[in-house]
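S.K.: Sequence and predicted model, in that order:
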Amino acid sequence: MKIRVLPRLILVCFAGSGILAARNANALVVRQELAATGADADAHGKATLSLKRRRSGLREQLVVVARKLDASTSFDVTIDGVRVGALRSNARGRGSGRFRTEPRKPDDQLLGVDPRGRTLVVMRSGAVVLVRSWRRRPRSVR
């Protein structure tokens, strides 16, 4: 009896992991560093793009995190020159902004454009502070 139970448990474990892999096959996360420019040489940051295919369409989330910015300052976030939102740095010079195609929380900002294949810029008073160009199609999830 113990011999029969063990193969069934292994089969259940493999079947369970296959289901999880199949669910995650329609998701993609891309993390990229933001490059500093001459406007603020010590500033740095990261942008994380999450893509999920749903029956209703593609859901995207873009999170921009920046460090060593000017303290207590507002920054515009643009994609190919079009302002999509803002982030504000705190007293330590840290700031972040979350952009979603379907905003869920009060702090979420609307992401009305697919950033893949476009240039993401964090700017202050017209001066580019951080910049990153995205590849057009990262791996899958079209």
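M.R.: Cool, the structure landed.

S.K.: low-confidence ranges in the protein?
M.R.: Counting by pLDDT under 70, the ranges of the chain that qualify are 1-25, 136-142.

S.K.: now the helices for it?
M.R.: Applying DSSP state H to the chain gives helices spanning 2-24.

S.K.: quick one: Lys68 and Ala41 touch, right?
M.R.: No - with contacts counted by CB atoms under 8 Å, Lys68 stays clear of Ala41, the gap being 9.4 Å. The C-beta positions use only the backbone N, C-alpha and C, and glycine is treated the same way.

S.K.: Looking at those two, which is more packed in?
M.R.: Shown here are Lys68 and Ala41; by other CB atoms under 10 Å, Lys68 has more neighbours (16 against 10).

S.K.: OK, contacts around that one?
M.R.: Contact analysis of Lys68 by CB atoms under 8 Å, 6 or more residues apart in numbering lists Asp40, Asp42, Ala43, His44, Gly93.

S.K.: can you redo those residues as JSON lines with distance to Val121 and neighbour count?
M.R.: Putting the contacts of Lys68 into JSON lines (distance: CB to CB, whole Å; neighbours: other CB atoms under 10 Å) gives the following:
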{"residue": "Asp40", "distance to Val121": "13", "neighbour count": "20"}
{"residue": "Asp42", "distance to Val121": "18", "neighbour count": "9"}
{"residue": "Ala43", "distance to Val121": "12", "neighbour count": "23"}
{"residue": "His44", "distance to Val121": "14", "neighbour count": "16"}
{"residue": "Gly93", "distance to Val121": "18", "neighbour count": "17"}
